[in-house]
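Trainee: sequence unknown, structure follows:
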Ligand code: BV8
């Protein structure tokens with residue numbers, strides 16, 4: 001592989017698994033414990049906001065108690081040491097990439113440590129539990145605060161910028177994602193369609209789209225990601 005200039009890295013729940021954060025579709029994953037329609041859709045939130053707040057409050061506490069792992073740290077090293085652009089596009093709503101030192105990050109599914117007031121639209125950092133009764137610090141109205149995350153049926157964030165970067169990249173790396181959720185699951189094809197990107201999947205097991213990748217490296221992220229970064233930087 002010739003030296004890449006522009007690297008786009010898509011990450012999913014698998015990169016945070018070894019930090020102790022649950023994935024969605026693995027055995028014992030989040031979607032085996034609760035129905036995503038109840039907790040990760042606007043309709044579910046409208047039906048039972050208290051249940052949705054509890055689901056995200058529990059995950060927010062886990063994120064605050066977790067630490068970045070060697071895979072997050074390796075991506076931050078790649079951004080520091082690579083002579084070219086490195087952009088992390090993450091489906092994850094945790095802040096482990098930030099805490100590992102990555103700077104160029106797009107959270108396409110939002111961020112768990114931010115909340116948004118529906119009535120006034122203001123989003124802000126938030127590290128506490130959230131409840132229906134929580135008043136908005138800006139407009140003082142209660143009942144309209146929600147986690148600043150993208151639910152199913154809602155438009156992911158930063159899609160224009162992501163499309164531009166996929167078209168321009170010459171290396172697309174997918175780490176720790178099952179490729180089951182769209183539009184993220186289609187990014188490998190989008191990167192390939194521009195004819196220049198080498199595509200690599202680093203995952204514990206083959207994802208739904210594994211046959212679309214030019215290269216596949218199987219193993220736990222804390223092992224395969226640092227080794228791949230070492231290879232890129234050598
Ligand atoms: C959209 C945020 C369009 C909240 C998430 C009907 C109506 C509208 C849309 C649809 C529809 N039907 C289908 C769709 C599309 C839908 C979709 O894809 N559904 C799926 C279920 C089929 N997508 C959407 O709705 C998206 N929006 O399409 O909008 C639109 C157009 C116009 C106008 C309006 C809208 C929005 C999707 C975003 C939903 N929000 N999360 C939250 O986190 O609670 S999705 C959720 O799944 C997370 O973001 C998660 O990141 C994402 C993907 O999961 P993964 O990260 O891949 O995790 P998973 O557990 O699946 O896999 C883990 C992988 O890691 C495994 O492969 C495993 O092997 C590996 N692994 C495990 N351990 C390790 C490891 N790898 C390495 N090392 C390890 N140690």
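Mentor: In hand now; what should we look at? Here the structure is a predicted model, which is why all the values come from computation and not from measurement. Numbers count the residues shown, from 1 in each chain.
Trainee: just the strands in the protein please.
Mentor: Using DSSP state E, the strands of the chain run over residues 6-11, 85-90, 105-107, 110-117, 123-125, 145-149, 171-175, 198-203, 215-218.
Trainee: mind listing the strands the fourth one pairs with, and their directions?
Mentor: Within its sheet, and counting by DSSP bridges, strand 110-117 is paired with strand 123-125 (antiparallel), strand 145-149 (antiparallel).
Trainee: of those strands, which is nearest the ligand?
Mentor: With Cβ to the nearest ligand atom as the criterion, the ligand lies closest to strand 145-149 of the strands paired with strand 110-117, at 4.2 Å. To be clear about C-beta, it is placed using only N, CA and C from the backbone, and glycine gets the same treatment.
Trainee: what does this protein have sitting close to the ligand?
Mentor: When proximity is defined by Cβ under 6 Å from any ligand atom, the chain lies next to the ligand at 12-14, 17-18, 23-26, 29, 40, 91-93, 109, 149-156, 176-178, 180-182, 203-205, 207, 220-221.
Trainee: number of nearby residues for the nearest residue to residue 184 once chain neighbours are set aside?
Mentor: Once flanking residues are discounted, residue 184 sits nearest to residue 91: 5.2 Å by Cβ to Cβ, 6 or more residues apart in numbering. Residues within reach of residue 91, counting by other Cβ atoms under 10 Å, total 21.
Trainee: list the contacts of residue 91.
Mentor: Counting by Cβ atoms under 8 Å, 6 or more residues apart in numbering, residue 91 touches 10, 11, 12, 13, 108, 109, 177, 181, 184.
Trainee: swap in residue 213?
Mentor: Shown in contact with residue 213 (Cβ under 8 Å, 6+ apart): 174, 188, 199, 200, 201.
Trainee: just the helices from this protein, written as ranges.
Mentor: Secondary structure of the chain (DSSP state H): helices at 30-33, 36-39, 42-47, 49-65, 70-81, 96-100, 159-168, 187-193, 221-233.
Trainee: would you turn those into JSON lines with distance to residue 145?
Mentor: Formatted as JSON lines, the helices of the chain follow (distance: least, Cβ to Cβ, whole Å):
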{"stretch": "helix 30-33", "distance to residue 145": "22"}
{"stretch": "helix 36-39", "distance to residue 145": "16"}
{"stretch": "helix 42-47", "distance to residue 145": "11"}
{"stretch": "helix 49-65", "distance to residue 145": "9"}
{"stretch": "helix 70-81", "distance to residue 145": "29"}
{"stretch": "helix 96-100", "distance to residue 145": "22"}
{"stretch": "helix 159-168", "distance to residue 145": "25"}
{"stretch": "helix 187-193", "distance to residue 145": "31"}
{"stretch": "helix 221-233", "distance to residue 145": "33"}
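Trainee: what's the burial count for residue 183?
Mentor: Residues near residue 183, counting by other Cβ under 10 Å: 13.
Trainee: just the pLDDT at it, thanks.
Mentor: According to the per-residue confidence, residue 183 scores 98 in pLDDT.
Trainee: with adjacent residues omitted, what lies nearest to it?
Mentor: According to Cβ to Cβ, 6+ apart, the nearest residue to residue 183 is residue 156 (6.3 Å).
Trainee: tell me who's in contact with the one you found.
Mentor: By Cβ under 8 Å, 6+ apart, the neighbours of residue 156 are 108, 109, 150, 183, 184.
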